[in-house]
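Asker: Okay, sequence plus prediction incoming.
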Amino acid sequence: MGSRRAIRRSRAERASRLAFMGEEQKVARILAQRTVPSVVRPPRGRLEVRLPYDPSNRGWLCTGHRSRGDVTWIKSDDDKYWSAPAAWFFELARRLVEGVAGP
């Protein structure tokens, strides 16, 4: 039940929850863009991973992890993102930076 409530939150609600010192607009802009990958780590709950579209995104997210079922595609009226376990944060951030910077 709690996870469904989190899914139903609007982008603006998540932006205000994640923003610090009145930077809601900046966070909302980051969440709205679609070209640069981003990983949001809320204080509680699962990661919100936004990636430019690629048919292999689920496979890329699950690389090195046992279960592909840990990753869920979330699509609401105003947002689309992957939901992943919070424990994957540092590993995903490292892989995203390596992917952007190149080998």
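Answerer: Okay, I see it. Numbers count the residues shown, from 1 in each chain.
Asker: on contacts alone, who are the packing partners of whatever helix or strand residue 81 lives in?
Answerer: Take DSSP states H and E as the rule and residue 81 turns out to sit in strand 80-84. On a contact count with 3 or more CB pairs under 8 Å, 6 or more residues apart in numbering; DSSP states H and E, strand 80-84 meets strand 47-50, helix 57-62, strand 72-75. The way it works is simple: take the backbone N, C-alpha and C, and place the C-beta from them, glycine included.
Asker: Let me see the mean pLDDT of it.
Answerer: What strand 80-84 shows for mean pLDDT is 91.
Asker: Adjacent strands (with direction) for it?
Answerer: Next to strand 80-84 in the sheet, as set by DSSP bridges, lie strand 47-50 (antiparallel), strand 72-75 (antiparallel).
Asker: hmm, back to that, redo the helices and strands packed on strand 80-84 as JSON lines? Include distance to residue 33, mean neighbour count and mean pLDDT.
Answerer: Putting those into JSON lines (distance: least, CB to CB, whole Å; neighbours: other CB atoms under 10 Å; pLDDT from 0 to 100) gives the following:
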{"stretch": "strand 47-50", "distance to residue 33": "8", "mean neighbour count": "21", "mean pLDDT": "91"}
{"stretch": "helix 57-62", "distance to residue 33": "16", "mean neighbour count": "15", "mean pLDDT": "89"}
{"stretch": "strand 72-75", "distance to residue 33": "17", "mean neighbour count": "12", "mean pLDDT": "91"}
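Asker: Understood, closing this out.
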